[in-house]
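> No letters, just coordinates:
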């Protein structure tokens, strides 16, 4: 099984190194048969090859069973015509990665604003108000006149159904509760279509408790009673915002993993950015990317019927929990003494036994 690792930019190479050491430890401990390959991407690739993602690496990504993608500093990339391919959208569009799955759970020993939070945000990843996802060609955001900006929101029954299917399957494996988040009181047609479709899909799952919450109320309820929620399914922009809120409630974006998955491909990608201001200082916290890699292993295990990969994902999560529960095992952002490299080494050592 082939895993492609792309470092990305900023702190990406540092946290990717730590993550690879942990995955390598799992590979050897459990004899997983993973073939881990690393390739240039982002600004490093732009400097060497004139493009942030070469044709060769694109082909490698297509052939890989899974990809671990470090954070990118796409804001400073040149235009696509000048070689500045934005990696995240490229993966999402090329492989139709329609599900952005972001768990938020308070971890032992880590100070969290919501110690009882344990939920998964399942966000539709291909539609909504995002201008690059609303049109087959052109942008969904435009100036009607010099003083009038308009944006088109795209919601389809097909995309609403498949993201809800993903959320329902996940909920059935957890606490069997699904919350549909929307704003249909205002967006009557588009959120009406999403919500009705979500209910239609969810009704096919026996034993699944389903409720719905308006998005602004959801933001308040996440703060007030986060333990009330298990799996949350929502549209793109709402999911983007609420998942960041959930991550902060659980301890911060530095602990927030995510996976972008489609029918045949998935990439592990931390929820946070490339943090260029601390790049190269060996102080970045690799937890989010490590846990994202664990989610990728779990996805591969489920898709391929391989319990060893599912077990590997659980072991990685447990090793990170054990590491974080001891103050002496944390990185400096969490009040500990360890740098990025040392954190990766000690998590790998826990896995190796």
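Perfect, I can see it now. As the structure is a prediction and not an experimental result, all values here were calculated from the model. Numbers count the residues shown, from 1 in each chain.
> Then residue 302 would be within a helix, right?
Yes - counting by DSSP: H, G, I helix; E, B strand; the rest coil, residue 302 is located in a helix.
> Identify each buried residue in stretch 130-144, please.
For stretch 130-144, the neighbour count (16 or more other Cβ atoms under 10 Å) marks 130, 133, 134, 140 as buried. Any C-beta I mention is one placed from the backbone N, CA and C, and that applies to glycine too.
> can I assume residue 228 is in contact with residue 218?
No - proximity of residue 228 to residue 218 does not meet the contact threshold set by Cβ atoms under 8 Å, at 10.5 Å.
> Compare those two (neighbour count), which wins?
A count of neighbours by other Cβ atoms under 10 Å puts residue 218 above the other of residue 228 and residue 218, at 23 against 14.
> Residue 258: what's it in contact with?
100, 101, 102, 243, 268, 269, 270, 271, 292, 295 (Cβ atoms under 8 Å, 6 or more residues apart in numbering).
> Please, where are all the helices along the stretch 251-353 of the chain?
When secondary structure is read from DSSP state H, counting those that start in this stretch, the stretch 251-353 of the chain shows helices at 287-304, 307-325, 340-352.
> gap between the residue nearest to residue 275 when sequence neighbours are not counted and residue 270?
Once flanking residues are discounted, residue 275 sits nearest to residue 11: 4.8 Å by Cβ to Cβ, 6 or more residues apart in numbering. As judged by Cβ to Cβ, to the nearest Å, residue 11 and residue 270 stand 10 Å apart.
> for the chain, what spans make up the strands?
2-6, 35-39, 66-69, 99-105, 118-124, 141-145, 148-151, 177-182, 209-214, 231-234, 259-261, 266-268 (DSSP state E).
> Most tightly packed of those?
Stretch with highest mean neighbour count among the strands of the chain: strand 231-234 (a mean of 28; mean count of other Cβ atoms under 10 Å).
> and that one, which strands flank it?
strand 118-124 (parallel), strand 177-182 (parallel) (DSSP bridges).
> can you give me the end-to-end distance of stretch 332-342?
For stretch 332-342, the first-to-last residue distance is 11 Å (Cα to Cα, to the nearest Å).
> How about the backbone phi and psi for the residue nearest to the spatial centre of the chain?
With distances taken as Cα atoms, centre = their mean, residue 258 lies nearest the centre of the chain, 2.0 Å away. Backbone torsions for residue 258, taken as degrees, to the nearest 10, come to phi -160, psi 160.
> Break this structure down into its domains, please.
Domain assignment for the chain, taken from automatic domain parsing, gives 1-100+255-353, 113-250.
> Those domains: which one's closest to residue 107?
Of all those, it is domain 1-100+255-353 that lies closest to residue 107, at 5.3 Å by Cβ to Cβ.
> Residue 175: neighbour count?
13.
> Find the residue ranges of the chain scoring beneath the pLDDT cut-off.
Applying pLDDT under 70 to the chain flags no residue at all.
> got a list of what residue 199 touches?
For residue 199, the contact set (Cβ under 8 Å, 6+ apart) comprises 180, 210, 212.
> number of nearby residues for the residue nearest to residue 223 when sequence neighbours are not counted?
Residue nearest to residue 223 in three dimensions, not counting chain neighbours: residue 249, with 7.0 Å by Cβ to Cβ, 6+ apart. When neighbours are defined as other Cβ under 10 Å, residue 249 has 20 of them.
> again with the one 5 residues further on
Here the neighbour count serves as a burial measure; for residue 254 (other Cβ under 10 Å) it reads 20.
> With residue 278 instead?
Count around residue 278 with other Cβ under 10 Å applied: 17.
> In contact with it, which residues are there?
11, 284.
> Distance check, it against residue 331.
11 Å.
> residues touching the closest residue to residue 332 other than its chain neighbours, list them.
Excluding its sequence neighbours, the residue lying closest to residue 332 (Cβ to Cβ, 6+ apart) is residue 283, at 5.4 Å. By Cβ under 8 Å, 6+ apart, residue 283 lies in contact with 331, 332, 333, 339, 340.
> how close does residue 283 sit to residue 266?
As judged by Cβ to Cβ, residue 283 and residue 266 stand 29 Å apart.
> just residue 242 next, same as before
Distance, residue 242 to residue 266, by Cβ to Cβ: 21 Å.
> about what we covered before: format the contacts of residue 199 as TSV; extra columns: distance to residue 152.
Converted to TSV, the contacts of residue 199 look like this (distance: Cβ to Cβ, whole Å):
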residue	distance to residue 152
180	23
210	29
212	25
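> wait, what's in contact with the residue lying closest to the residue nearest to the centre of the chain once chain neighbours are set aside?
Distances taken as Cβ to Cβ, 6+ apart place residue 102 nearest to residue 258, at 4.3 Å, with adjacent residues excluded. Counting by Cβ under 8 Å, 6+ apart, residue 102 touches 120, 121, 123, 239, 243, 246, 247, 256, 257, 258, 271.
> What is the nearest of these to residue 302?
residue 120 (14.1 Å).
> What sits closest to that closest one if chain neighbours are left out?
residue 103 (4.6 Å).
> Quick check, the one you found in contact with residue 119.
Yes - with contact defined as Cβ under 8 Å, residue 103 counts as touching residue 119 (7.2 Å).
> Distance across stretch 36-56, terminal residue to terminal residue?
End residues of stretch 36-56 are separated by 16 Å (Cα to Cα).
> again with stretch 74-94
18 Å.
> try stretch 138-156
Stretch 138-156 end-to-end distance (Cα to Cα) = 18 Å.
> Run the chain-centre distance for that stretch.
Centroid separation for stretch 138-156 versus its chain: 27 Å, with Cα atoms, centre = their mean, to the nearest Å.
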